[in-house]
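Asker: Quick check, what structure comes out for this input:
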Amino acid sequence: MHLVNVGQLDAGQVSALMTLIRRAEAVDHVAPLSEQALLTARDSAGDDSGASAGSDTATGTNTDAASSLAHFLAYDGTHLAGYAHLDRGPVEDATADAAVDADRAGTGAPASAQTGVTAAEETGDATTAQTQVAVASETEEASTAQTGVAAAEGIGVAATPQTGAAATVELVVDPADRRQGVATALVHAIRDALGPEASKLQIWSHGHLDGARALAARGGYTIVRELWSMHRPLLPDAGSLPEVTIPEGFTARQFVVGQDEDAWLGVNARAFADHAEQGRLTRHDLDLRIAEPWFDTEGFILVEDTRGAAPVLAASHWTKIVPSPRPRVRQTRGEVYVVGVDPAYQGLGLGRAVTLLGLEHLRGRGVTEAVLFVDADNTAAVATYSRLGFTRFAVDVMYSPAVHPLVTR
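Answerer: Numbering: from 1, shown residues only. Okay, the predicted model is just below:
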């Protein structure tokens, strides 16, 4: 096996990665990389700056170039057997209570990665949702690294250090190459690149599958967070949506490309100030999503405070409908992608109102099911979505090394 790490992918590497992702998803029935990781990989092929950063080695990685490395590739001959994406960013200490309240897997997570996955939070009447950045857990065997970070063949994980500069890792191994040490080699290479930062990791796993549970047990990990996937039907006979009430002095309109980006990013940063991934979203990240085929301004709903001399953005609901990959087949699932309320406007019911506006939009587009993602311990958000008819249908979990109290003699 031959390992390569680079600061960005070329067009051929991106093509091979897309093939690898399709092969893994066909077997695992879950997307192995987060939306952020996938967008970063695809976008890197269109930028020639720094393309040569990295190293090419059969056994390890060049730690001198670690700060510029983002992509780790494992080859069996010329065949791409595995891939891992490395991203760094701020993260809460998972051993602290606050860690359970800050959302998600690896910038890409969680989530939903992606694809992606999304997540939602609410405090009081202020609803906030965020893109999910975790990756899918598969069900194959794991080996434990010297640092206590378990690397698994066929287990897609997103990992972030508990303290210091955060690093998120998402990986995928071709089903035909699993149980051959590919994922282990990738994780070892990434750990070498991270150096001391790899001493403590948090690991996201989609689905809480048997393989992930076994991995956690062998590595001495405990669950520190749960992310619920919730859904509700939007069929005409599934129960009507509650009436939308927008407070006096506020109006709703759709997002305008070229006009609203900066205002939205400002509200997003304030609404997700304590969120390790969504709060980091940049103009470039936003532009990448606006360029996606699924982007629809009519499904990007803004609520403005119109009581002053000029309108002020107070809340938004960004919905997402990914076109069906099958020709002439309509997509029936829509997503509560990002819901955010500026902290200055919390307590006015804007979160509930803008959420309902987005659900009405999805139903009007013929969507028959709405999905969202929310931290299990975010009881206010869970209660709000439950009242809107959402129920849990899947769970993602975050594992972290068990912390044992000191024993005095």
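
Asker: In three-state terms, label the nearest residue to residue 317 once chain neighbours are set aside for me.
Answerer: Nearest non-adjacent residue to residue 317, counting by CB to CB, 6 or more residues apart in numbering: residue 358, 3.7 Å away. For every residue, glycine as well, the C-beta is placed using N, CA and C. Of the three states, residue 358 takes helix under DSSP: H, G, I helix; E, B strand; the rest coil.

Asker: which sections of the stretch 1-150 of the chain are below the confidence cut-off?
Answerer: Scanning the stretch 1-150 of the chain for pLDDT under 70 picks out 45-69, 89-150.

Asker: circling back to that earlier point, pull the number of nearby residues for the residue nearest to residue 317.
Answerer: 27 (other CB atoms under 10 Å).

Asker: try residue 328
Answerer: 5.

Asker: In contact with the residue nearest to residue 317, which residues?
Answerer: 299, 301, 317-319, 336, 339 (CB atoms under 8 Å, 6 or more residues apart in numbering).

Asker: Report the rounded mean pLDDT for stretch 330-345.
Answerer: Mean pLDDT, stretch 330-345: 91.

Asker: Give the buried residues for it.
Answerer: Neighbour-count burial for stretch 330-345, counted by 16 or more other CB atoms under 10 Å, picks out 331, 333-342, 345.

Asker: and residue 279, which of the three is it?
Answerer: Assigned with three-state DSSP, residue 279 falls in the helix class.

Asker: and the residue nearest to it when sequence neighbours are not counted, how many residues sit next to it?
Answerer: The spatial neighbour of residue 279 that comes closest, neighbours along the chain excluded (CB to CB, 6+ apart), is residue 272 at 3.7 Å. As a burial measure, residue 272 scores 22 neighbours (other CB under 10 Å).

Asker: Kindly report the same for residue 14.
Answerer: 19.

Asker: That one: which element?
Answerer: helix 11-28 (DSSP states H and E).

Asker: which other helices and strands contact the next helix or strand after that helix?
Answerer: Later in the chain than helix 11-28, the nearest helix or strand by DSSP H and E is helix 35-44. Under the contact criterion of 3 or more CB pairs under 8 Å, 6 or more residues apart in numbering; DSSP states H and E, helix 35-44 touches helix 11-28, strand 79-89, strand 126-132, helix 283-290.

Asker: Name the SS class of residue 4, please.
Answerer: strand.

Asker: just checking, residue 249 touches residue 305?
Answerer: Yes: at 6.5 Å, residue 249 and residue 305 qualify as touching, with contact defined as CB atoms under 8 Å.

Asker: which of the residues in the longest strand seen in the chain are buried?
Answerer: The longest strand of the chain (DSSP state E) is strand 221-233. Across strand 221-233, burial judged by 16+ other CB under 10 Å covers 221, 224-233.

Asker: What separation do you get for the closest residue in space to residue 42 that isn't next to it in sequence and residue 38?
Answerer: Spatial nearest neighbour of residue 42, chain neighbours left out: residue 14 (5.9 Å); criterion: CB to CB, 6+ apart. Distance of residue 14 to residue 38, given as CB to CB, to the nearest Å: 10 Å.

Asker: What ranges in the stretch 151-300 of the chain fall below the confidence cut-off?
Answerer: For the stretch 151-300 of the chain, the stretches with pLDDT under 70 are 151-167, 198-201, 207, 209-212, 214-216, 218-220, 237-239, 276-277.

Asker: Next one: residue 225 from residue 398, what distance?
Answerer: 4 Å.

Asker: re the thing from before, just checking, what packs against the helix holding residue 14?
Answerer: helix 35-44, strand 79-89, strand 166-173.

Asker: deepest of these, which one?
Answerer: A comparison of those by mean neighbour count, using mean count of other CB atoms under 10 Å, puts strand 166-173 on top with a mean of 28.

Asker: helices or strands up against that strand?
Answerer: helix 11-28, strand 79-89, strand 158-161, helix 182-194.

Asker: Relative to residue 377, which of the helices and strands packed on helix 11-28 is closest?
Answerer: strand 166-173 (20.4 Å; CB to CB).

Asker: Can you list the strands that that closest one pairs with?
Answerer: strand 79-89 (antiparallel), strand 158-161 (antiparallel) (DSSP bridges).

Asker: Check whether residue 318 really touches residue 334, as I assumed.
Answerer: No: the pair residue 318 / residue 334 is not scored as a contact, 11.5 Å apart, by CB under 8 Å.

Asker: any chance of the contacts of residue 358 in JSON lines, plus distance to residue 23 and secondary structure?
Answerer: JSON lines is the format used below for these (distance: CB to CB, whole Å; DSSP: H, G, I helix; E, B strand; the rest coil):
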{"residue": "299", "distance to residue 23": "31", "secondary structure": "helix"}
{"residue": "301", "distance to residue 23": "37", "secondary structure": "strand"}
{"residue": "317", "distance to residue 23": "35", "secondary structure": "strand"}
{"residue": "318", "distance to residue 23": "31", "secondary structure": "strand"}
{"residue": "319", "distance to residue 23": "30", "secondary structure": "strand"}
{"residue": "336", "distance to residue 23": "30", "secondary structure": "strand"}
{"residue": "339", "distance to residue 23": "34", "secondary structure": "strand"}
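
Asker: Shouldn't residue 197 be within a helix?
Answerer: Yes: residue state for residue 197 (three-state DSSP) corresponds to a helix.

Asker: Just give the number of residues close to it.
Answerer: Around residue 197 there are 18 residues (other CB under 10 Å).

Asker: now do residue 311
Answerer: For residue 311, using other CB under 10 Å, the count is 16.

Asker: Can you name the residues that contact it?
Answerer: Contacts of residue 311 (CB under 8 Å, 6+ apart): 251, 304-305.

Asker: for it, phi and psi?
Answerer: Backbone torsions of residue 311, given as degrees, to the nearest 10, read phi -60, psi 140.

Asker: Against residue 230, how distant is residue 29?
Answerer: Residue 29 is 19 Å from residue 230, where distance means CB to CB.

Asker: Was I right to think residue 394 contacts residue 228?
Answerer: Yes: with contact defined as CB under 8 Å, residue 394 reaches residue 228; the gap is 7.5 Å.

Asker: partner residues bridging residue 3?
Answerer: With DSSP bridges as the criterion, residue 3 is bridged to residue 57, residue 74.

Asker: circling back to that earlier point, tell me which of the helices and strands packed on helix 35-44 is the most buried.
Answerer: Ranked by mean neighbour count under mean count of other CB under 10 Å, the helices and strands packed on helix 35-44 are led by strand 126-132, which reaches a mean of 30.
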